[in-house]
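A.B. asks: Compute the structure for the input listed below.
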Amino acid sequence: MSTFLIQPTISPLSIYYVTVNNKENAIKISEILVQKKLVACVNIIGSKESPITSVYSWKGKQEIDNEILMIMKSRSNLLPEIY
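C.D. replies: As a prediction, the model looks like this:
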């Protein structure tokens, strides 16, 4: 039998990590989501001069791309509208 010091719960808040191809798109997406009150805040990490590097598999092939990271803070129940 398992014993938990803290009971696991589902949080009403979520943080979403999303990558996009450039900072301009990150800003556009962020402005729309904040304006519609779907997110409370978006942190944009990376720039044209200093992007993040992503390594992933796409259509059976390994890819390496420079991307911009968006960290979105929102309520969990808003995910269907954000997506």
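
A.B. asks: what kind of secondary structure is the residue nearest to Ile44 when sequence neighbours are not counted in?
C.D. replies: By the measure of Cβ to Cβ, 6 or more residues apart in numbering, the closest residue to Ile44 outside its immediate chain neighbours is Ala26, 4.7 Å from it. Where C-beta positions appear, they are placed from N, C-alpha and C, glycine not excepted. Assigned with DSSP: H, G, I helix; E, B strand; the rest coil, Ala26 falls in the helix class.

A.B. asks: Just want the most central residue of the chain.
C.D. replies: Computing the C-alpha centroid of the chain and ranking residues by Cα atoms, centre = their mean puts Tyr17 first, at 2.1 Å.

A.B. asks: wait, doesn't that one sit right on Ile68?
C.D. replies: No. Using Cβ atoms under 8 Å, Tyr17 is not in contact with Ile68; the gap is 11.6 Å.

A.B. asks: For the helix or strand containing Ser57, name the packing helices and strands.
C.D. replies: Element membership of Ser57, judged by DSSP states H and E, is strand 52-58. With contacts taken as 3 or more Cβ pairs under 8 Å, 6 or more residues apart in numbering; DSSP states H and E, strand 52-58 sits against strand 61-75.

A.B. asks: Next, the angle strand 52-58 makes with the strand it packs on.
C.D. replies: Per axes from the mean of the first three to the mean of the last three Cα atoms, to 10 degrees, the angle that strand 61-75 makes with strand 52-58 is 120 degrees.
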